[in-house]
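1. coordinates for the following, if possible.
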Amino acid sequence: MRKLVFFVGLVFLAVFSPPSVVKAHFQGLIPSDDMVTKSDRKTISLDIAFFHPFEGQYMDMAKPIAFGVMVRGRKTNLLKALREKKIGGFSAWHADYRVRAPGDHIFYLEPRPYWEPAEDCFIIHYTKVVINSLGVEGSWDEEVGLKTEIIPLTRPYGLWRGNVFQGIVKVNGKPAPGTEVEVEYYNRDGKIEAPADPMVTQVTKAALTVVFNFPLVRVEGGEKKLVSLATVMAMKPDVMLLDEPTSGLDEETTERIIQVCNHSSTSYMIISQDRGLLARTTRCIYRMANGKMEQLKEFS
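-> Alright, predicted model coming up:
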């Protein structure tokens, strides 16, 4: 099983008090590690930036109003530790923190408001991230007291692919059912491409019970092809041209793509050297060779 660490540096969760909802702008508070073990360096680096996590687009960020850490209910002001830095030519901030005690450390941030013309209002992205030190747990679900805050019901570190994150949304210290929560993957190296715009920013809502759930997954190669195929099919094209749709995929994913093709109501053409794939997904097969194309009556 492949381990994926999900925290504010990999999956960004943004809460907006209704009715203001702004797509794809996130306040990042990104630690160099979310679990400090005995063999790790005890100095944590924290990068603070205002950006689009999936698309990697940064914006200038003014110095925060508040920045600190809470350990066992005690807060320490870290604002003086901030140093300005440039990322892609835009202003961001950085701090180093020496972990001196075991237990959960909750770093929190209140950035300055920014004007959002699309919403005709000022918006503040209150942000926090939990880092565990030396395996001592117990306070990862403590409330910092931010004006808008997600209280985790799932421990926010040490998560595996397939886990589901649960949290309670609070605004002004009170549960806020129906609040929209936007989630975006931190596409650190920019290698992942979204087949469609709605897949960049995921959206969920806190239920009437005020709890929201979000599965922690990363789309792998075969899943990307399935998602891409589903996205194209949803557009209801007259015909699809599939170029080596199963190249490099395992048997299970190949079988899934074959089933999708066979149950599709959309006409399609497949270009492939996989004779087994063509035999199972098409009714008419042509071969191109030496500048000529001929229909094959028998195919084996």
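
2. and Arg98, what are its bridge partners?
-> Per DSSP bridges, residues listed as beta-bridge partners of Arg98: Thr43.

3. my read: it touches Ser45, true?
-> No. The pair Arg98 and Ser45 does not pass the contact test of Cβ atoms under 8 Å, sitting 10.9 Å apart. C-beta here means a position set from N, CA and C on the backbone, and glycine is covered the same way.

4. pull the helix or strand with minimum mean pLDDT from the protein.
-> Every helix and strand in the chain was compared by mean pLDDT, DSSP states H and E; the lowest is strand 11-15, with a mean of 50.

5. so Arg98 and Ser45 - more neighbours on which side?
-> Ser45 (13 against 8; other Cβ atoms under 10 Å).

6. can you count the residues close to the closest residue to the more buried one other than its chain neighbours?
-> Residue nearest to Ser45 in three dimensions, not counting chain neighbours: Ser32, with 4.1 Å by Cβ to Cβ, 6 or more residues apart in numbering. When neighbours are counted by other Cβ under 10 Å, Ser32 registers 16.

7. tell me the pLDDT of Ser32.
-> pLDDT recorded at Ser32 is 94.

8. what's near enough to touch it?
-> Applying Cβ atoms under 8 Å, 6 or more residues apart in numbering, one finds that Ser32 lies in contact with 44-46.

9. give me the nearest residue to the most centrally placed residue in the chain, chain neighbours excluded.
-> Nearest residue to the geometric centre of the chain (Cα atoms, centre = their mean): Tyr185, 1.6 Å. Closest residue to Tyr185 apart from its sequence neighbours, by Cβ to Cβ, 6+ apart: Phe54 at 5.6 Å.

10. quick check: the one you found vs Leu159, distance?
-> Applying Cβ to Cβ, to the nearest Å, the value for Phe54 to Leu159 is 19 Å.

11. Gly276 now?
-> From Gly276 to Leu159 the distance is 39 Å (Cβ to Cβ).

12. okay, the two: which has more neighbours?
-> The neighbour count for Gly276 versus Leu159, taken as other Cβ under 10 Å, is higher for Leu159 (20 against 12).

13. the more buried one touches Phe165, doesn't it?
-> Yes. In this structure, Leu159 is within contact of Phe165 by Cβ under 8 Å, at 7.2 Å.

14. contacts for whatever helix or strand Phe50 lives in, please.
-> Under the criterion of DSSP states H and E, Phe50 resides in strand 43-52. The contact list for strand 43-52 (Cβ under 8 Å, 6+ apart) reads 24-33, 36, 57-61, 64, 67, 82, 85, 87, 90, 92-99, 107, 109, 111, 114, 125, 131, 184.

15. so which of those belong to strands?
-> Counting by DSSP state E, the contacts of strand 43-52 place 26-31, 36, 57-59, 67, 85, 87, 90, 92-98, 107, 109, 114, 131, 184 in strands.

16. buried only: go through the residues you listed for me.
-> By neighbour count, with 16 or more other Cβ atoms under 10 Å, the ones in strands among the contacts of strand 43-52 hold 26-31, 36, 58, 67, 87, 92-95, 97, 107, 109, 114, 131, 184 as buried.

17. in contact with Gly73, which residues?
-> By Cβ under 8 Å, 6+ apart, the residues touching Gly73 are 139, 142.

18. now do 10 Å
-> 106, 139, 142-144 (Cβ atoms under 10 Å, 6 or more residues apart in numbering).

19. ok, now Phe67?
-> 29, 46, 48, 77-82, 93, 95, 107-111, 127.

20. now Gln295
-> Gln295 sits in contact with 284-287, where contact means Cβ under 10 Å, 6+ apart.

21. can you do 6 Å?
-> Tyr286 (Cβ atoms under 6 Å, 6 or more residues apart in numbering).

22. quick check: it is in a helix.
-> No. Membership of Gln295 in a helix is not supported by DSSP: H, G, I helix; E, B strand; the rest coil, which gives strand.

23. how much space between it and Met288?
-> 11 Å.

24. now do the helices in the stretch 151-300 of the chain.
-> For the stretch 151-300 of the chain, the helices defined by DSSP state H, counting those that start in this stretch occupy 221-234, 251-262, 275-281.

25. looking only at pLDDT, what's the mean for the longest one?
-> The predicted model gives helix 221-234 an average pLDDT of 69.

26. same deal with the last one?
-> Along helix 275-281, the predicted local confidence has a mean pLDDT of 88.

27. now do stretch 175-195
-> On average, stretch 175-195 scores 86.

28. centre of the chain to it, how far?
-> 4 Å (Cα atoms, centre = their mean, to the nearest Å).

29. go on, stretch 158-177?
-> What separates the centre of stretch 158-177 from the centre of its chain is 15 Å, taken as Cα atoms, centre = their mean.
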